[in-house]
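Engineer: Sequence and computational prediction follow.
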Amino acid sequence: MSLSLNSSFSRQLRQEADPIFNAIYEHPFVQGIAKGTLGREQLIHYVKQDFEYLNAYMRVYGLGISKCTDRQDIAMFNDKIGFILNSEVHPHHNFCRVAGVSYEELQGYPLAPTAQHYTKHMLSVAAQGTLGEIFAVLLPCPWTYMESAARIIRDVQPGLDHPFYEWIRFYGDTLIQPRMQLLCDRLDEWAVTASPQEKERMREHFLISSQLEYKFFDMAYTLQDWPVQVLGGEPVEH
Ligand SMILES: Cc1ncc(C[n+]2csc(CCO)c2C)c(N)n1
């Protein structure tokens, strides 16, 4: 189910990542969203980690801006930062409401191992890579969520009484699609003039981010934490 039918490099990447996208959809966390069966602790762990993940994601946009030579790309990243700050909070509020906690009390926690891995992966590509590599490392994030939510809508047809109705509609909604298509288009344009070595790095970043999307759901589902408690797990300022 490729969403960028006219864009060959992104379509090639999506095809290669197909087993990962399918595994994400089958993962018990995503199935728990579909069935409305996720536990309170899983929702809380997810939101604690995802709040920090989105902070890192915006920093990657910022590093992307620092490498732009074109105002349209700056405007694209600027729009994306605004979208995270103003809109991406809605799915978090949905999870908080079901878990019976306030959003504010889940903010500022230390990163669990997989969230640490994923954010450092994105930030190191953003610091060391080209703009094309940044597009590639960012893309699985919207793509996996859009497809998973669209499949949930198709398979479950959730009504307003579904506990995760807002989450599902938010990511399955058409609002996300044009933003993600813009990123796909920029990746494809970049790939036209990129060297084979750079394209190989873009491919690797895309596949690793896709794998880490799977691992992020797994982290939340299993309440993954560090093996030895030394920090007390209290919220801290980053
Ligand atoms: C681990 C993780 N992966 C993806 C998303 C979803 N998401 C985050 S930023 C973005 C782009 C549009 O703002 C999208 C779709 C998430 N919340 N957490």
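Structural biologist: That came through fine. Bear in mind the structure is a predicted one, so any value in this text is a computation, not a measurement. Residues are numbered from 1 along each chain as shown.
Engineer: Please point out which parts of the one helix or strand F21 maps to sit buried.
Structural biologist: Assessed by DSSP states H and E, F21 sits inside helix 18-26. Of all the residues in helix 18-26, those buried under the rule 16 or more other C-beta atoms under 10 Å are I20, F21, A23, I24, Y25. Glycine gets a C-beta too; all of them are placed from N, C-alpha and C.
Engineer: Would you check how far apart the residue nearest the centre of the chain and the ligand are?
Structural biologist: Against the mean C-alpha coordinate of the chain, by C-alpha atoms, centre = their mean, the closest residue is C141 at 2.9 Å. Here the criterion is C-beta to the nearest ligand atom, to the nearest Å. By it, C141 lies 4 Å from the ligand.
Engineer: buried ones in the helix-or-strand element of the chain with minimal mean pLDDT?
Structural biologist: Least confident helix or strand of the chain, by mean pLDDT, DSSP states H and E, is helix 176-193 with a mean of 94. Residues I176, M180, Q181, L182, L183, C184, D185, R186, L187, D188, W190, A191 are the ones in helix 176-193 that count as buried (16+ other C-beta under 10 Å).
Engineer: next helix or strand past that helix?
Structural biologist: Using DSSP H and E, the first helix or strand after helix 176-193 is helix 196-221.
Engineer: so where's the protein uncertain?
Structural biologist: For the chain, residues meeting the criterion pLDDT under 70 lie at 1-7, 231-234, 236-238.
Engineer: which residues of it fall in strands?
Structural biologist: Assigned by DSSP state E, the chain shows no strands.
Engineer: List, one by one, the residues from it near the ligand.
Structural biologist: Of all the residues in the chain, those in contact range of the ligand (C-beta under 6 Å from any ligand atom) are 50, 53-54, 57, 80, 83-84, 88, 141-142, 145, 176, 179, 213, 216.
Engineer: For L175, list the residues it contacts.
Structural biologist: Listed by C-beta atoms under 8 Å, 6 or more residues apart in numbering, the contact set of L175 reads S87.
Engineer: hang on, the earlier thing: and the angle for the helix holding F21 with helix 196-221?
Structural biologist: Here the directions of helix 18-26 and helix 196-221 differ by 20 degrees (axes from the mean of the first three to the mean of the last three C-alpha atoms, to 10 degrees).
Engineer: Helix 18-26: how far from the chain's middle?
Structural biologist: Centroid displacement of helix 18-26 relative to its chain, using C-alpha atoms, centre = their mean, to the nearest Å, is 14 Å.
Engineer: do the same with stretch 90-98
Structural biologist: With C-alpha atoms, centre = their mean, you get 16 Å for stretch 90-98.
Engineer: what are the ranges of the helices in this structure?
Structural biologist: Along the chain, the segments classed as helices by DSSP state H run 8-16, 18-26, 28-35, 40-66, 71-86, 89-99, 113-128, 131-138, 140-156, 165-172, 176-193, 196-221.
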